[in-house]
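Visitor: Would you be able to build a 3D model of this:
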Amino acid sequence: MPMSFTPISHEQRWTGSTWSVDDEDTLAELIARIALGQAQTVQSILHELGNKPVSPTAGFEGAKATLTAATEDEIFHRDGWVFQVMAWIAAHQQDDTALIHAPHIRLADKGTDGLIIEFQDRGIARVVICEEKATEHPRDRVRDSVWPEFKTFESGRRDNELIAAVSDMLSKNGVGDADATVASIFWNKQRAYRISTIVGATHATEAGRKRLFKDYEKTVLGDLTRRRAETLHLADIRPWLAELSNKAIGWIEDAEAVHDLEAKDV
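Guide: Down below sits the predicted model:
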């Protein structure tokens with residue numbers, strides 16, 4: 001598997017894990033496949049279902065464009081998308097029974113960064129609202145962007161968006177009567193949150209993480225399991241994400257070359 005996880009927590013304020021990237025080449029392949037629109041294939045690989053991975057046959061130029069960035073604005077958007085894909089991969093590795101919303105392909109897509117539906121024997125256990133931030137200033141983004149976003153969901157003002165997204169996910173995955181299932185959810189009790197962010201040395205320690213996620217318990221009240229926190233420590237965020245993106249582009253180019261060769265032989 002491309003990543004591994006070490007548990008972290010702070011008293012009853014939040015709980016989660018730090019990520020380690022163990023296999024960059026495999027991670028780059030999975031990111032490349034997501035860029036090619038092969039989320040289902042990646043899901044099968046992550047869950048080790050034994051299915052033969054589907055070879056891509058189209059979408060090469062668009063996928064390479066998704067992973068290519070020249071201007072500062074393009075770099076920020078590309079890096080944010082790559083980190084969202086990594087968070088999606090991490091979520092699948094951490095829970096192979098959950099439904100996890102596939103990453104948006106268009107970099108400008110709005111809405112929540114991610115959504116996870118967790119199950120228990122009698123139905124849905126949690127609906128987890130996710131925010132992912134690839135930034136050099138994680139505390140500023142958490143305090144000024146993530147906490148206000150979570151507060152908006154906590155207020156109930158975006159329940160219509162949440163209900164629509166959960167219904168759509170359930171319907172697409174063949175979960176019985178999606179509307180009836182959604183109607184049975186106790187939204188004020190079964191809603192949880194997950195913030196994933198890249199951190200530098202300042203926030204890579206226990207003390208640093210306490211500063212990073214300060215006021216989480218004031219933003220989202222209730223049980224500890226409602227407040228989840230995930231971090232990835234990178235010393236040089238932009239160069240590392242650029243290198244990972246280039247590896248993914250290389251995998252796409254190799255897959256394209258194989259496809260072109262096979263097409264000539266037909």
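Visitor: can you pull out the strands in the stretch 51-200 of the chain?
Guide: 99-100, 114-120, 123-133, 191-199 (DSSP state E, counting those that start in this stretch).
Visitor: Which of those sits closest to E11?
Guide: Closest approach to E11 among the strands of the stretch 51-200 of the chain (Cβ to Cβ): strand 191-199, 17.0 Å. (Each C-beta comes from the backbone N, C-alpha and C, glycine too.)
Visitor: Mind listing residues that contact whatever helix or strand comes next after the closest one?
Guide: Downstream of strand 191-199, the next assigned helix or strand under DSSP states H and E is helix 206-212. Helix 206-212 is contacted from outside by I8, H10, P138, R139, V142, T197, V199, A201, T202, H203, A229, T231, using Cβ atoms under 8 Å, 6 or more residues apart in numbering.
Visitor: One more pass at 10 Å, please.
Guide: Applying Cβ atoms under 10 Å, 6 or more residues apart in numbering, the contact partners of helix 206-212 are 8-11, 13-14, 16, 18, 138-139, 141-143, 195, 197, 199-205, 229, 231, 233.
Visitor: Following element in sequence after that helix, please.
Guide: With elements assigned by DSSP H and E, the helix or strand that comes after helix 206-212 is helix 216-219.
Visitor: how about F213, phi and psi?
Guide: Dihedral angles of F213 (phi, psi; degrees, to the nearest 10) stand at phi -100, psi 20.
Visitor: and if you look at N188?
Guide: The phi/psi pair for N188 (degrees, to the nearest 10) is phi -80, psi -10.
Visitor: wait, what's in contact with the nearest residue to it once chain neighbours are set aside?
Guide: Of all residues not flanking N188 in the chain, G156 sits nearest, at 7.9 Å (Cβ to Cβ, 6 or more residues apart in numbering). By Cβ under 10 Å, 6+ apart, the contact set of G156 is L162, W187, N188, R191.
Visitor: ok, and the most crowded of those residues?
Guide: When neighbours are taken as other Cβ atoms under 10 Å, the top entry among these is R191 (21 neighbours).
Visitor: Report the spatially nearest residue to that one, omitting neighbours in sequence.
Guide: Take R191 and drop its neighbours on the chain: the residue closest to it by Cβ to Cβ, 6+ apart is V127, 5.6 Å away.
Visitor: State the distance from the one you found to H233.
Guide: Per Cβ to Cβ, to the nearest Å, V127 is found 29 Å from H233.
Visitor: And the two? Which one has more around it.
Guide: The residue with more neighbours, out of V127 and H233, is V127; 22 against 16, by other Cβ under 10 Å.
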